[in-house]
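Trainee: here are the coordinates; sequence isn't available:
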């Protein structure tokens, strides 16, 4: 009888210890999970872009139902990444906006933050606009003005938002190692005149003078030949060294533009003496057209870019000295919005071409360039003089009242020049 009792007790003890061990193991697994290193995934990038550029979101025009769905998606992802709300209404920072119908409505930016440690009163802002052109139409910015199809904006700028969300997830998991606080802003109404970023800077939830760098992700989903365009490189003397180091590590060929002002949200920060970096994989024939869809995204290429930007953030953060601001180019332009990317002669300029002239990324067959025989891949020179590689000078050509463009076609094995006269 006693031996039977011992067996029962031993069995009970073993079972109890097993349950206890299993319970502890589960807690350890849960605790370990929170400390696990998060990796940036091309699969996750593509899933973000697929949803944000789906027909369900109807082109994400500010104030639309599709825009509201995008806002909910971004805010939910912020919460999942344990970002602290930084808006006036949870993650939302509302501002006034006048829509295509002339109605004044309230639309929000989506703002969250990872608190820093010993330098938590200094901030690095990571931004990407989430709005697009809706169904297009007159005065929408669409390059197919007669089309009423949904402009899904996969590259412009679901790609940038996807990159921002991936960075938020990875940096949040490593928050204990961050000196400075990192603010993530999904800007609204960029396409209509960078209204969201202007409002954020003018009504910042933190002291703008404590924002040490702004990093802007806009159209980063079409990486070709490992060529990446980065603007704002001259807005701080520390940037070139950091960019050279990180681009070499990730085997990316970077084209630098020192100027801080350009056709996107970083301009709102540069105009307020904040160093900026703007990442952009280049123009293409789907820009501001219904054909800018997720199937054309290079998600593996975008993953390389985001990993590089992650390293840039860490390089800036680990330096106890904040990046010094240097004025690099003008702080204003004649008209708001993304006017510098609009097509004038029926072709899309290449922003990452390594040629000394201006590369051509796409040609509209019915436009002056197409009728003159210009083709994708041509290199443009002005009156026989090669165009400077500086982005501002390249785009200045299109504002000339009259003149002649000539194209060299050696790249395709056919020598000769084609001239396009305009007035």
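Mentor: That came through fine. What you see is a predicted model; the values in this text were computed from it and never measured.
Trainee: So what's the residue count around the closest residue in space to residue 92 that isn't next to it in sequence?
Mentor: Leaving out its chain neighbours, the residue that sits closest to residue 92 by Cβ to Cβ, 6 or more residues apart in numbering is residue 108, at 3.9 Å. C-beta here means a position set from N, CA and C on the backbone, and glycine is covered the same way. Residue 108 has 25 neighbouring residues, counting by other Cβ atoms under 10 Å.
Trainee: Could you pull up the contacting residues of residue 108?
Mentor: 71, 87, 89, 92-95, 188 (Cβ atoms under 8 Å, 6 or more residues apart in numbering).
Trainee: That one is in what secondary structure piece?
Mentor: strand 104-114 (DSSP states H and E).
Trainee: Given that strand, what are its sheet partners and their directions?
Mentor: strand 84-85 (antiparallel), strand 92-98 (antiparallel), strand 180-187 (antiparallel) (DSSP bridges).
Trainee: what's the most buried one of these?
Mentor: strand 180-187 (a mean of 26; mean count of other Cβ atoms under 10 Å).
Trainee: next SSE after that strand?
Mentor: That would be, after strand 180-187 and using DSSP H and E, helix 195-202.
Trainee: starting at the chain centroid, how far to that following helix?
Mentor: With Cα atoms, centre = their mean, to the nearest Å as the basis, helix 195-202 stands 16 Å off its chain's centre.
Trainee: Check stretch 196-209 too.
Mentor: 19 Å.
Trainee: where in the stretch 1-150 of the chain is pLDDT low?
Mentor: Scanning the stretch 1-150 of the chain for pLDDT under 70 picks out 1-36.
Trainee: ok, now with 80
Mentor: Residues of the stretch 1-150 of the chain meeting the criterion pLDDT under 80: 1-36, 145.
Trainee: same question, the stretch 201-350 of the chain
Mentor: Those would be 333-350, if you go by pLDDT under 80 across the stretch 201-350 of the chain.
Trainee: which residues in it form helices?
Mentor: For the stretch 201-350 of the chain, the helices defined by DSSP state H, counting those that start in this stretch occupy 239-249, 266-270, 299-318.
Trainee: do you know which of these lies nearest residue 121?
Mentor: helix 299-318 (13.6 Å; Cβ to Cβ).
Trainee: For that closest one, name the packing helices and strands.
Mentor: helix 42-52, strand 119-129, helix 159-173, strand 211-217, helix 239-249, strand 276-280 (3 or more Cβ pairs under 8 Å, 6 or more residues apart in numbering; DSSP states H and E).
Trainee: Name the residues that touch the first one?
Mentor: Residues from elsewhere that reach helix 42-52 (Cβ under 8 Å, 6+ apart): 57, 60, 70, 73, 130, 154, 158-159, 161-163, 165-166, 221, 294, 297, 299-300, 302-303, 306.
Trainee: Let's see the PyMOL selection covering just the buried ones among those.
Mentor: In PyMOL, a selection of the buried entries from the contacts of helix 42-52 looks like this (16 or more other Cβ atoms under 10 Å):
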select buried, resi 57+60+70+73+130+154+158+159+161+162+163+165+166+221+294+297+299+302+303+306
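Trainee: so which of the helices of the stretch 201-350 of the chain is the most packed in?
Mentor: For these, the highest mean count by mean count of other Cβ under 10 Å goes to helix 266-270, at a mean of 27.
Trainee: how much distance is there from that one to the middle of the chain?
Mentor: Worked out by Cα atoms, centre = their mean, helix 266-270 lies 14 Å from the chain centre.
Trainee: if I look at residue 271, how far off is residue 157?
Mentor: Separation of residue 271 from residue 157 (Cβ to Cβ, to the nearest Å) stands at 20 Å.
Trainee: Please say which of these two ends up with more neighbours.
Mentor: residue 157 (33 against 17).
Trainee: Could you pull up the contacting residues of that one?
Mentor: 128-130, 132, 190, 217-219.
Trainee: Nothing else from me, thank you.
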